[in-house]
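Chemist: My questions are about this predicted structure, shown below with the sequence.
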Amino acid sequence: MANCAVGADMTRVWDLGVRMFHWLAVAAVAIALVSGLFGPRNLLNIHLAAGAALGGLVVFRMLWGLMGSTYARFSSFPIHLTAINADLAGLVAGRRPRYPGHNPLGSLMALALLAIISLSVMTGVITLGGVDKQGPLAFAVPYIAGKAAQRLHLGLAYGLAALIAAHLLGVAYESIQARTNLPLAMIIGKKAASATDHAARPAKAKPVLAGLCALILMTGAIRQIVALSARPALGVPVGPLDPIYARECGSCHMAYPASLAPGPRWIAIMDGLSNHFGEDASIDPGLASRIRAYLTMNAAEKWDTRAAHELQGSNPQDPLRLTATPFWIGMHRGIPESVFKSRAVGAKGACEKCHSDASTGRFDPQDIDIPERASQ
């Protein structure tokens, strides 16, 4: 089995296009799953790169399925009901029909993997636009839609992992049952031939046409993505903080963007300056009135960022403190108390120490950088 049935005639099955797609997709899927399911949030750029690569690979595979060589083409996939039933019956009996390329169940698996990867890429783009306010759909997708897409994206990731497990089991079974090394065949492109093989109609590859189509599609897609990504994101605060607010509040701590708390909370904070989290932060009534108006006019209800939505939830035991909100606690779970108490950070509320874009209220994952001294 290790040598693809030594002594048997070998025939070219998988062309270079299929093999390159397969192994590049394996690498991209592995990176996407690991970075998305297990990696820290600041690995988002790596996750996005893997997702973009998968999007391009799927486009190529669709084109190659129409213009590739015989067994690269979707027309060679024996997915009609008669073939599927015969393959299932053979699976039970232990004598499955032989196919040089994909057998019926393998064809269904290949199509399922292409479909779930495509859906994962699409839901990832919607999530990126709605939740992170980045990418080509940031100008159009509201947070609530992005959040729904994120849940679906996560479900698809687990579904993809399950399909991969089933695919690997199928490859192992077929390699043993057919006495041929399928992983090696996907590397060298050749499999052992048999007189009982169900051959497909021969087709000649059209690499030039496929490459030209891919180039046109990818060039157009990249230009459109760049153009759409340049549009202002939906519901994201723009412009600097009010200078009086920044001066008065920023003199003691970070001047938090108004989008990080709902209007009623800001009013309660401003009305309680004489006992501002245990300190007297009273200021001139006129300045206080101007700051209160600025904060309520730009409060969380006015914006559509993740922080603006999620930080509206409060802790009944400490309703005014940002770092006591359920969302803040959930996002920072796992970070030791020593990090916040370290000289490099100083306090839980020192958002700017780890989030370089904290003053904008965006809190993009790529801008998270916990100081090394704080983690030691």
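Modeler: Arrived safely, thanks for sending.

Chemist: need the contact list for Ala110.
Modeler: Applying CB atoms under 8 Å, 6 or more residues apart in numbering to Ala110 gives the contacts Phe77, His102. For the C-beta atoms, the positions are set from N, CA and C on the backbone; glycine is no exception.

Chemist: Roughly how far does it sit from Phe21?
Modeler: 11 Å (CB to CB, to the nearest Å).

Chemist: What of His80?
Modeler: In terms of CB to CB, His80 sits 24 Å off from Phe21.

Chemist: Looking at these two now, which is surrounded by more residues?
Modeler: Of the pair His80 and Phe21, Phe21 is the one with more neighbours under other CB atoms under 10 Å, namely 19 against 9.

Chemist: mind checking how far the closest residue to the more buried one other than its chain neighbours is from Ala210?
Modeler: Distances taken as CB to CB, 6 or more residues apart in numbering place Arg61 nearest to Phe21, at 5.1 Å, with adjacent residues excluded. Per CB to CB, Arg61 is found 10 Å from Ala210.

Chemist: With Gly39 instead?
Modeler: Counting by CB to CB, the gap from Gly39 to Ala210 is 34 Å.

Chemist: more crowded one of these two?
Modeler: More crowded of Gly39 and Ala210, by other CB under 10 Å: Ala210, with 19 against 14.

Chemist: Please name every helix or strand in contact with the one helix or strand the more buried one maps to.
Modeler: Element membership for Ala210 (DSSP states H and E) is helix 207-229. Judged by 3 or more CB pairs under 8 Å, 6 or more residues apart in numbering; DSSP states H and E, the packing partners of helix 207-229 are helix 44-67.

Chemist: Which strands and helices lie in contact with the helix it packs on?
Modeler: helix 16-37, helix 104-130, helix 207-229.

Chemist: list the contacts for the closest residue to Gly189 other than its chain neighbours?
Modeler: Spatially, and ignoring its direct neighbours in sequence, Gly189 is nearest to Trp14 (4.5 Å; CB to CB, 6+ apart). By CB under 8 Å, 6+ apart, the residues touching Trp14 are His22, Tyr71, Ala72, Gly101, Ala185, Met186, Gly189.

Chemist: Name the nearest residue to the second one, ignoring sequence neighbours.
Modeler: Spelled out, it's Tyr71. In space, Tyr71 is closest to Gly101, 3.2 Å off (CB to CB, 6+ apart).

Chemist: isn't the one you found right up against Thr70?
Modeler: Yes. Gly101 is within contact range of Thr70, at 7.3 Å (criterion: CB atoms under 8 Å).

Chemist: Between these two, tell me which one has more neighbours.
Modeler: Each of Gly101 and Thr70 has its neighbours counted (other CB under 10 Å); Gly101 has more, 23 against 19.

Chemist: Tell me which helix or strand the more buried one sits in.
Modeler: Per DSSP H and E, there is no helix or strand for Gly101.
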